[in-house]
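Student: Sequence and predicted structure are below.
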Amino acid sequence: MAHMKQNEFEPRVLAFCCHYCAYAAADLAGTMRIQYPPNVRIIRTPCTGRLETEYFLKAFENGADGVFIAGCLEGGCHFTSGNLYAKRRVEYIREMLAEMGLEKERLRMVNVSAAGGRLLADHITDMVETIRKLGPSPLNANGHKNRLETAS
Ligand code: FES
């Protein structure tokens, strides 16, 4: 495992999980003792459609290296089409991030059912590994500072 230590960077990922599916899936993963990286902070949201653009931008401003959104399966949103709305919004914000000099991969949306504990854990693991490869967010001032400190 020593090779994994070569990069000291531990990504900080914020995960917005919809109450009805993804949050239930995260709960299930916990109950089933399915492991996923501890780098993720899960925030429950009533529906992904309720997530405003500013929540994502704030997350990056506050030092997140990645933001993950997990909603109900398409067609399964409890507010009809909140997740489709969120999907469009996420696509739009990914373009915005690119213009701000952030990699689009730092924002990702997935869809899982309440029974998708394993799938959600896999998605989260994949997200954390993606961010680990990208390195700290360019917007993350502390990340920069830490890197500068370790470099000197
Ligand atoms: Fe889950 Fe809308 S209720 S995404």
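Tutor: Looks like it arrived, so ask away.
Student: got a list of contacts for whichever strand or helix holds residue 131?
Tutor: Following DSSP states H and E, the helix or strand that holds residue 131 is helix 117-134. For helix 117-134, the surrounding residues in contact (Cβ atoms under 8 Å, 6 or more residues apart in numbering) are 7, 9-11, 13, 15, 17, 22, 25-29, 31-32, 34-37, 39-40, 65-66, 68, 70, 103, 105-106, 108, 110, 112. Any C-beta I mention is one placed from the backbone N, CA and C, and that applies to glycine too.
Student: so what pLDDT did residue 140 get?
Tutor: pLDDT for residue 140: 73.
Student: I meant to write residue 58 there.
Tutor: Per-residue confidence for residue 58 comes out at a pLDDT of 94.
Student: next helix or strand past the helix or strand hosting it?
Tutor: Using DSSP H and E, residue 58 sits in helix 53-61. Elements were assigned by DSSP H and E; along the chain past helix 53-61, the next helix or strand is strand 66-71.
Student: Can you select the buried ones from the contacts of helix 117-134 in ChimeraX?
Tutor: Buried subset of these, written as a ChimeraX selection, criterion 16 or more other Cβ atoms under 10 Å:
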select :9,11,13,15,17,22,25,26,27,28,29,34,36,37,39,40,65,66,68,70,103,106,108,110,112
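Student: Give me the subset of the contacts of helix 117-134 that lies in strands.
Tutor: For the contacts of helix 117-134, the ones inside strands are 13, 15, 17, 40, 66, 68, 70, 108, 110, with DSSP state E as the criterion.
Student: who in this protein is up against the ligand?
Tutor: For the chain, the residues in contact with the ligand (Cβ under 6 Å from any ligand atom) are 18, 20-21, 47-49, 71-72, 77-79, 82-83.
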